[in-house]
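A.B. asks: Task: produce atomic coordinates for the following.
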Amino acid sequence: MAIAIMTSGGDCAGMNPAIKHFVDYCYTKEVQPYLIYDGLEGLIDGNIKAATYEDVAGIMHEGGTKIRSSRSKRFFEYEYRKQAFENLKKHKIDKILILGGDGSFRALNQFYKDFGVHFVGVPATIDNDIFGTSYCLGVDTALNIIRGATDAVRDTSSSFRRACVIETMGRDCGYLALVSAITCGAEVCIIPELEYDLESIGKRLKEEIKNGRKYVVCIVAEGCNKDKCTSTNQLVQWLENDIKIETRATILGHVQRGGNPTVFDRLMASKFVTYSIDKLLSDQEGGSVIVYNDSKFEFVTIDYVNSQKYEIREDLLELAKRLVN
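C.D. replies: Now for the predicted structure:
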């Protein structure tokens with residue numbers, strides 16, 4: 001029996017610990033592990049290799065994905081999916097573990113419908129925006145990178161009595177910005193999910209500065225640059241012109257995707273992979289996604305994951321409402 005693992009879409013810290021545990025656990029279960037390099041593109045091109053312990057030695061602490069990733073337009077076409085299936089047949093692989101997001105899961109679900117290749121999807125995205133799970137692999141590391149950067153920028157802002165606007169990633173989801181604002185002690189949090197009142201925030205900040213505040217930390221989600229929100233540059237101008245405080249912007253960008261995986265992401269990678277392999281070996285269901293809620297793991301269908309758009313929990317939003325008025 002053979003099972004392959006692949007990473008698809010955006011990379012995140014935690015993927016390498018998952019890949020290492022996949023190989024180790026497969027050998028424990030006397031199953032031949034395979035590595036699919038370069039995501040869906042590699043699947044099409046036949047970039048598939050039987051895994052050895054040497055392939056995954058020393059990668060537990062590394063960010064990103066050792067087997068690399070991709071986004072594939074070709075996989076939308078049947079002829080290329082057929083080519084990918086023929087590549088799997090050469091290695092007698094009929095089961096895949098995929099680390100990625102909902103788009104990657106939809107791609108493999110179609111692959112299963114076409115050719116019957118069973119799979120389990122592991123939610124892996126720093127955006128933490130997959131419906132049905134409260135945690136996605138990589139988000140804890142990303143939050144800790146943002147925390148470190150925000151703490152460092154706060155140091156220099158306080159030295160010069162400045163404001164800082166820190167932009168986090170998150171595509172259309174404000175989760176990273178929200179949790180970072182709460183845990184880093186920001187004075188302002190601007191995300192698509194919460195209504196905010198700049199006039200009210202301005203009055204509050206002016207009063208706080210009058211009463212001794214030396215700096216201001218504002219955390220904004222990148223989605224605000226696309227939605228009908230106040231963008232990062234607009235916030236800088238507002239702070240300087242209205243609040244009358246010197247301001248600098250820091251766009252964290254892809255630094256949030258890398259870095260050494262945290263203990264929590266490493267541990268969760270091991271659990272995700274263990275339960276997923278057991279699932280693939282124990283039943284004949286076509287495709288499912290492993291999710292984590294209320295300290296429990298369970299498997300749900302692709303249709304369930306795609307049935308709704310992810311929404312940030314109300315209790316988290318409630319904690320940040322003081323930062324938007």
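
A.B. asks: all strands for the stretch 151-300 of the chain, in order.
C.D. replies: Secondary structure of the stretch 151-300 of the chain, counting by DSSP state E, counting those that start in this stretch: strands at 163-168, 188-190, 216-221, 247-251, 287-293, 296-300.

A.B. asks: Tabulate those (a markdown table), appending distance to Gly259 and mean pLDDT.
C.D. replies: Any C-beta I mention is one placed from the backbone N, CA and C, and that applies to glycine too. Shown next, in a markdown table, are the strands of the stretch 151-300 of the chain (distance: least, Cβ to Cβ, whole Å; pLDDT from 0 to 100):
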| stretch | distance to Gly259 | mean pLDDT |
| --- | --- | --- |
| strand 163-168 | 14 | 98 |
| strand 188-190 | 23 | 97 |
| strand 216-221 | 18 | 98 |
| strand 247-251 | 16 | 97 |
| strand 287-293 | 21 | 97 |
| strand 296-300 | 25 | 97 |
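
A.B. asks: domain ranges for this structure?
C.D. replies: Domain assignment of the chain by automatic domain parsing yields the ranges 2-138+261-305, 140-257.

A.B. asks: tell me the average confidence for stretch 101-119?
C.D. replies: Mean pLDDT, stretch 101-119: 96.

A.B. asks: contact partners of it?
C.D. replies: Outside stretch 101-119, the residues that touch it by Cβ atoms under 8 Å, 6 or more residues apart in numbering are 8-10, 39-40, 72, 75, 78, 81-82, 84-85, 88, 93-98, 121, 123-125, 127, 129-131, 136, 280, 284-287, 289, 302, 305-306.

A.B. asks: Let's see that with 6 Å instead.
C.D. replies: With Cβ atoms under 6 Å, 6 or more residues apart in numbering as the test, stretch 101-119 has contacts from 8-9, 75, 81, 85, 94-96, 98, 121, 125, 130, 286-287, 289, 302, 305.

A.B. asks: which parts of the top helix by length along the chain are buried?
C.D. replies: In terms of residue count, the longest helix belonging to the chain (DSSP state H) is helix 139-160. Under the neighbour-count criterion of 16 or more other Cβ atoms under 10 Å, helix 139-160 has 139-146, 149-150, 153-154, 157 buried.
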